[in-house]
Each structure stands twice: as structure tokens, then as C-alpha cells.
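In: Structural data only, the sequence is not supplied:
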Ligand code: NAD
């Protein structure tokens, strides 16, 4: 089986006539793989695993759903029959380490609450499995470093579930700065929504590590970093809270500014109470805008030259195929653990800036 450029374009679906060839997102070469698909075990069968990742794994070309890890026997039974998963590939959180003996599982995909990423990534690495880990990679820089270290010692690859790295609109955002004048680069990035159930783990500091910033602000940080193509030198952040009861443990709304080498600046917003979904990039003579910017699908874009019309892709399927291609062909990924670590460095600086009321070096 070859994962060719033609096949990739086909997976992009209908409407590819609208796509300018120069803008097609491509995998790093080589694109060849053997005839074996990588077996992926999902750990944590919550919303994202159930409604996005498992269906996406029915569309992937280089990997497939081979196992599950869950604490709920009823879910195990449901998934076993729905996806035809053999009983020998079903684990719980206690016997998970036995996965080391399972040759049909090559990759462990950690889709648990944020505080559990650190433990399960390290356990997966010790079991000799490559790891896909959901964002945010962990709760702290220290945890990220330990995860990277564990994967490196075990000789396995670690990727973070940054699905937008696979999206054509965001690939275009990454390229925008390089395509014309190199003057002033300003980025505005905003991601927020109104969060429901006040009892969910996302509002508990021990499980989530933080609020809107950890969950949604990370997209705005990512977008600013990959649009500007440099690492921020310093941040200044402000926090706002309208519901101190609901958001007793975590942040509700944060605004922050980042300064980049060369004088580039970004201004960002994240919130668990007010919807926002926008990426705007400005250079001296050109601009680029995505709104909505961060959805699974339905991203809309325009530049000073007109509308952007990329076909809709299954971000999660392309993400997992891209990661699998990196494993099969031993290629570095732009969504590796090192990328996850960079975002946690920025997040720690943002929280410190709020605490100190001053500008903080990243
Ligand atoms: P969820 O609450 O729907 O699912 C969490 C799963 O973890 C559930 O199956 C639950 O049973 C299990 N779990 C195990 N121990 C738990 C505990 N102590 N408390 C709560 N649940 C526990 O969450 P989700 O939306 O699927 O998010 C899971 C991860 O995926 C998070 O890290 C989140 O940030 C990430 N995520 C990423 C995206 C993306 O677009 N990349 C989208 C959604 C979620």
C-alpha cells in the first residue's frame, strides 16, 4: 500500500477542483509504507475518542483501531462489538502495562483528562509503544520533560494531538508570512466557548490543570507561534472572572500579549464564558483571516486577495495518518512532544504574569 499524493488529495474529498495545487498540504517525503497498518489503542473512551477519533480511525490508511483501554466494562463490551475488537486487545487502567506483550498494538493514544496524560504516556513508553497524546500535553513543563525523556529512553515517538497542523487552512496560515512582504507581523488569535456542566473535570484544577487557557487558549498560542514562525520572548497576561463560583478552581477568561524576536506581536483571548473563534495575521501590505478558525470542520478563510476555498478534510484521520507516516518512515513531526513542551512553557509564563501583574520572560 502506498500513501501517495494522489491518494491524499482523494481523501480530501469533493471540491478539490477548488484547491490550488500549490496550497495542498503534503506529508514530508517519503510517503511510502509497507503493507502493515499500525494498530492504535485508544486510552479513555470519552467524547473525543467516541465521536471523533474512533470514527476517524475507520478512514485512516496507515493505522487502524486495534485496541481500547477503559475503566468501564459496559463501554468495553459496546466498543468490542461495534468495532470488532478482540477481547485480548481490551485493557483497563490497572492491567494496561500488560500491553507490552501485545504485538497488534503499536501506538497508544492517550485521550484522558489532562492530569492523567503524564502517567499514561510514561506507562505506554515503558511498554515500548509509540504515543499519541491529546492536548494539553501535560499540566507543567516538568511533566512534559519527563514524558519526552521517557519516550526517548524507550526509543518510541511521542506526538501531541494538534489536529490543526493537518488542516489546509492552518497550513496556509503557517505559510502566509513567507509568501510576500516581510514587514510588520501582527497576529490576533481568539478561542472561547460557553462551557456547560459545572461538575465536569474541565473545571477541576487537579484534573484539568487550568481552565479555558489549558483547553482552548492553547490553540490561540499555537496559532500565534506557527503564524509568526518564532518563539515568544515574553508574555503579559490579564485574567477576568464573572462567575467566581463556577470558576472557583480554574481560569474563566484570559487575555494575553506575546512579544516575538523581530518586534512581532500577538494579542490573544480565551474564555469559558464567551464564544470567540478567530485568527488574523497582518503584514505590511497583506492580511489573512480564518473565522471560524479552530473547529473540526467548517473553517472559513479569506485574505486581502479573496476567499480561501480548501475542501473539508477529516482532521483527526489526516493527523493520525501523518503521525503514522512519521513512525513508519522515521520522520520528525512538527507536532512532537517538543512542540507540546513549548506551549506549556508559554502557559506557565501566562499564569505567572497574571500572578505577578507584570511582563514575564518565556
Ligand atoms: P471526556 O470527559 O469526554 O472523556 C474523558 C475520559 O476519561 C472518559 O472516558 C472518562 O471515563 C475517562 N476518565 C478516566 N479517569 C477519569 C477521571 N478521574 N475523571 C474523569 N474522567 C476520567 O473528555 P474528552 O473531551 O474526551 O477529553 C479528553 C482529552 O482529549 C482531554 O485532554 C482534552 O483536552 C482532549 N481533547 C482534544 C480535542 C482536540 O480537538 N484535539 C477535543 C476534545 C478533547
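Out: Received it, and whenever you're ready, just let me know what you need. Since we're looking at a predicted model, the values are computed, not measured.

In: what number of residues lie near residue 284?
Out: Residue 284 is flanked by 10 other residues according to other C-beta atoms under 10 Å. Every residue, glycine included, has its C-beta placed from N, CA and C.

In: which residues does the closest residue to it other than its chain neighbours contact?
Out: Using C-beta to C-beta, 6 or more residues apart in numbering and skipping the chain neighbours, the partner closest in space to residue 284 is residue 183 (2.5 Å). Each residue near residue 183 by C-beta atoms under 8 Å, 6 or more residues apart in numbering is listed here: 283-285.

In: and if you look at residue 135?
Out: Applying C-beta under 8 Å, 6+ apart, the residues near residue 135 are 160-162, 218, 340, 343.

In: Following the lowest-mean-pLDDT helix or strand in the chain in sequence, what is the next regular element?
Out: Lowest on mean pLDDT, DSSP states H and E among the helices and strands of the chain sits helix 5-11, with a mean of 32. On the C-terminal side of helix 5-11, the nearest following helix or strand under DSSP states H and E is strand 38-43.

In: Quick check: residue 92 vs residue 74, distance?
Out: Going from residue 92 to residue 74 by C-beta to C-beta, to the nearest Å gives 12 Å.

In: ok, these two, which is more surrounded?
Out: The residue with more neighbours, out of residue 92 and residue 74, is residue 92; 13 against 8, by other C-beta under 10 Å.

In: and the closest residue to the more buried one other than its chain neighbours, how many neighbours does it have?
Out: Spatially, and ignoring its direct neighbours in sequence, residue 92 is nearest to residue 71 (5.7 Å; C-beta to C-beta, 6+ apart). With neighbours defined by other C-beta under 10 Å, the count for residue 71 comes to 12.

In: quick one: secondary structure of residue 71?
Out: Secondary structure assignment for residue 71 (DSSP: H, G, I helix; E, B strand; the rest coil): coil.

In: Looks like it contacts residue 90 (just checking).
Out: No - counting by C-beta atoms under 8 Å, residue 71 does not reach residue 90; the two are 11.7 Å apart.

In: Now do the contacts for the residue in the stretch 1-150 of the chain positioned nearest to the ligand.
Out: Of all residues in the stretch 1-150 of the chain, the one sitting closest to the ligand is residue 46 (1.7 Å; C-beta to the nearest ligand atom). By C-beta under 8 Å, 6+ apart, residue 46 lies in contact with 111-112.

In: returning to that earlier point: am I right that the residue nearest to residue 284 is in a helix?
Out: No - Residue 183: not assigned to a helix; according to three-state DSSP it is coil.

In: Close to the ligand: what parts of this protein are there?
Out: Residues of the chain lying close to the ligand (C-beta under 6 Å from any ligand atom) are 44-49, 71, 111-114, 134-135, 161, 163, 201, 207, 215.

In: What does residue 361 show for phi and psi?
Out: phi -70, psi 140 (degrees, to the nearest 10).

In: Nearest the middle, which residue of the protein would you pick?
Out: For the chain, residue 162 is the residue whose C-alpha lies nearest the centre (C-alpha atoms, centre = their mean; 1.9 Å).

In: quick one: that residue and residue 335 touch, right?
Out: Yes - between residue 162 and residue 335 there is a contact at 4.3 Å, judged by C-beta under 8 Å.

In: if I look at the two, which residues touch both of them?
Out: Common neighbours of residue 162 and residue 335 (C-beta under 8 Å, 6+ apart) are residue 319.

In: In contact with residue 224, which residues?
Out: By C-beta under 8 Å, 6+ apart, the contact set of residue 224 is 187, 189, 232, 258, 266, 268.
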